[in-house]
Structure formats: structure tokens, C-alpha cells
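Student: Got a predicted structure plus its sequence, pasted below:
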Amino acid sequence: MKLPVALAAIIIAIFLLVAYLAFFQKKAVAPTDFTVPVNSPQVNVPKPEDEALKNALNLYITKKQEGVDFTNGPCLGKIADDWVLDIAHNPRQPVDNKRENQCADYREGRAHHFIELDPNGNLIDSL
């Protein structure tokens, strides 16, 4: 039985959200010093990789809904300042090492970080 596209997108979104929470969320620690000001950098400052991963997952879902073919490991593009999203196989296949399937912004030094997802949207690596 085929799932409707909307239901499949919801299932993928839930899976990606759970993966994000499991990978990037830290356990809350009760503060020991109550003199820390609210705007201190120690309080809930998002890390660049958190924003990049959120954007990567959103872009992946959008491209999946548009019917983009992920089998050749395409670069999906810039996802945040200095970050790109690349699709690769896990384990890597020869197609993943082809220059045309790697992000030009990363390859040419315009972006210095990447998030790599497999064709199913699972996180492989980030740098």
C-alpha cells in the first residue's frame, strides 16, 4: 500500500526532528550560579551547526517533496552562512566522490562547513 505524499512527508519530518533532538540537544543542567544575566552567552545561545542542521533538514524535505533525485549524491546548496548541504551514500560510493556531485561553494572555499545527509535524510557527518 502506498502512503500519500503528505503522510510520507510528515513521517520524514518527525523522523528528522527526532534525529535532530537526539544528536544536538544537551541535557539541561540546573544552574549553580544565579547571578548569570539573562543575555549572557552561556544561556541558550544557538550554535551555528544547530541552525545549519535545522536548515539542512528543511531543505532536504523541500527538495524531497519537489521530487529531486538523490541517488547521485547531489549538492543541495547553501543552508547557512558558511554552510552547505551535500547528499552522499553511507557507506560512500564512487558517485559521492565525483566533483560535480560535491558542493562547489565548499570545494572552491566559499563555504567552510558542510552537513552531509544520506539519500534518506539521515545525518552522516558535519564539519
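Tutor: Cool, got the structure.
Student: Just name the shakiest helix or strand of the protein by mean pLDDT.
Tutor: helix 5-24 (a mean of 68; mean pLDDT, DSSP states H and E).
Student: how about the helix or strand that comes right after it: buried residues?
Tutor: For helix 5-24, the following helix or strand on the C-terminal side (DSSP states H and E) is helix 48-65. Neighbour-count burial for helix 48-65, counted by 16 or more other Cβ atoms under 10 Å, picks out E49, A52, L53, K54, N55, A56, L57, L59, Y60, I61, K63, K64. C-betas here are computed from N, CA, C, even on glycine.
Student: Isn't the last one up against I11?
Tutor: Meaning K64. No: the criterion here is Cβ atoms under 8 Å, and K64 misses it with I11 at 11.4 Å.
Student: residues near P91, how many?
Tutor: Neighbours of P91 under the rule other Cβ atoms under 10 Å: 8.
Student: okay if I get the buried residues of helix 48-65 as TSV plus pLDDT and distance to I115?
Tutor: What follows is these, written out as TSV (pLDDT from 0 to 100; distance: Cβ to Cβ, whole Å):
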residue	pLDDT	distance to I115
E49	73	8
A52	87	6
L53	89	6
K54	91	10
N55	91	9
A56	91	4
L57	92	9
L59	94	10
Y60	93	9
I61	94	14
K63	93	14
K64	93	15
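Student: The closest residue to K78 other than its chain neighbours and Y106, how far apart?
Tutor: Spatial nearest neighbour of K78, chain neighbours left out: V84 (5.5 Å); criterion: Cβ to Cβ, 6 or more residues apart in numbering. Taking Cβ to Cβ, to the nearest Å as the criterion, V84 is separated from Y106 by 5 Å.
Student: So those two - more neighbours on which side?
Tutor: V84 (25 against 20).
Student: need the contact list for that one.
Tutor: Each residue near V84 by Cβ atoms under 8 Å, 6 or more residues apart in numbering is listed here: C75, L76, G77, K78, C103, D105, Y106, A111, H113, F114, I115.
Student: My guess is the first one contacts N101. True?
Tutor: Yep, that's C75 we're talking about. Yes: here C75 reaches N101: they are 6.8 Å apart, a contact under Cβ under 8 Å.
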